[in-house]
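>>> what's the 3D shape of this:
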Amino acid sequence: MNKGYIHIYTGNGKGKTTAAIGLAIRAAGHGMKTFIGQFMKGQYYGELSVLNEMNLIDVEQFGDEGCITRDQVTPAHREHAQKGIERIGQIFESGQYDIVVMDEVCVTIWFGILTESQVLDVIRFKPVHTELILTGRYAPQSLIAQADLVTSMEEVKHYYNTHEIPSRKGIEN
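Residues are numbered from 1 along each chain as shown. Below is the predicted model of the structure:
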């Protein structure tokens, strides 16, 4: 690729991480290498088993094992995210990846774990040829302004809300 673009997958609907992973799998089919940095995630998800077996996709997590709310943020959460930001910088410097995914990074801003300027600084250091995907609800306008492609997933109906069905193994986690 001559130029890598910046994508944002945001919104309150399901499918942001799934879209980013789908793109990584498609790219692997063309021999492209992807790094997925999962912010705010430290727990096991089913896709990790398959992705860890793929030699063209590398995944690292920068979060705790449990989900948190905005009022539960601790200094440890900020440390995990800061390590993630630093790791993305190292990945950019290495030049070994065609695609970099910053999964759930938009939520880190909304939670106050990272600042908009921290994420914008990372975007500024993106190598020209690298495709960058940012995911997560509540993407701030400053990130949207930097993006070349923005998709907002809209929840129209979800059985979690209509029938109080918890997340299901293999479907939501």
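>>> Show the backbone phi and psi for residue 135.
In terms of degrees, to the nearest 10, the main-chain angles of residue 135 are phi -120, psi 170.
>>> before we move on, what about residue 62?
Dihedral angles (degrees, to the nearest 10) for residue 62: phi -130, psi 60.
>>> and the residue nearest to it when sequence neighbours are not counted, how many neighbours?
Among residues not flanking residue 62 along the chain, residue 84 sits closest, at 3.2 Å (C-beta to C-beta, 6 or more residues apart in numbering). C-beta coordinates here come from the backbone N, C-alpha and C atoms, glycine included. Residue 84 has 27 neighbours, counted by other C-beta atoms under 10 Å.
>>> tell me the secondary structure for residue 84?
helix (DSSP: H, G, I helix; E, B strand; the rest coil).
>>> Could you report the separation of it from residue 35?
Distance of residue 84 to residue 35, computed by C-beta to C-beta, to the nearest Å: 11 Å.
>>> now do residue 96
Distance from residue 96 to residue 35, by C-beta to C-beta: 8 Å.
>>> Likewise for residue 28?
From residue 28 to residue 35 the distance is 12 Å (C-beta to C-beta).
>>> Look at these two and report which has more neighbours.
Neighbour totals were compared for residue 28 and residue 35, and residue 35 leads with 23 against 18 (other C-beta under 10 Å).
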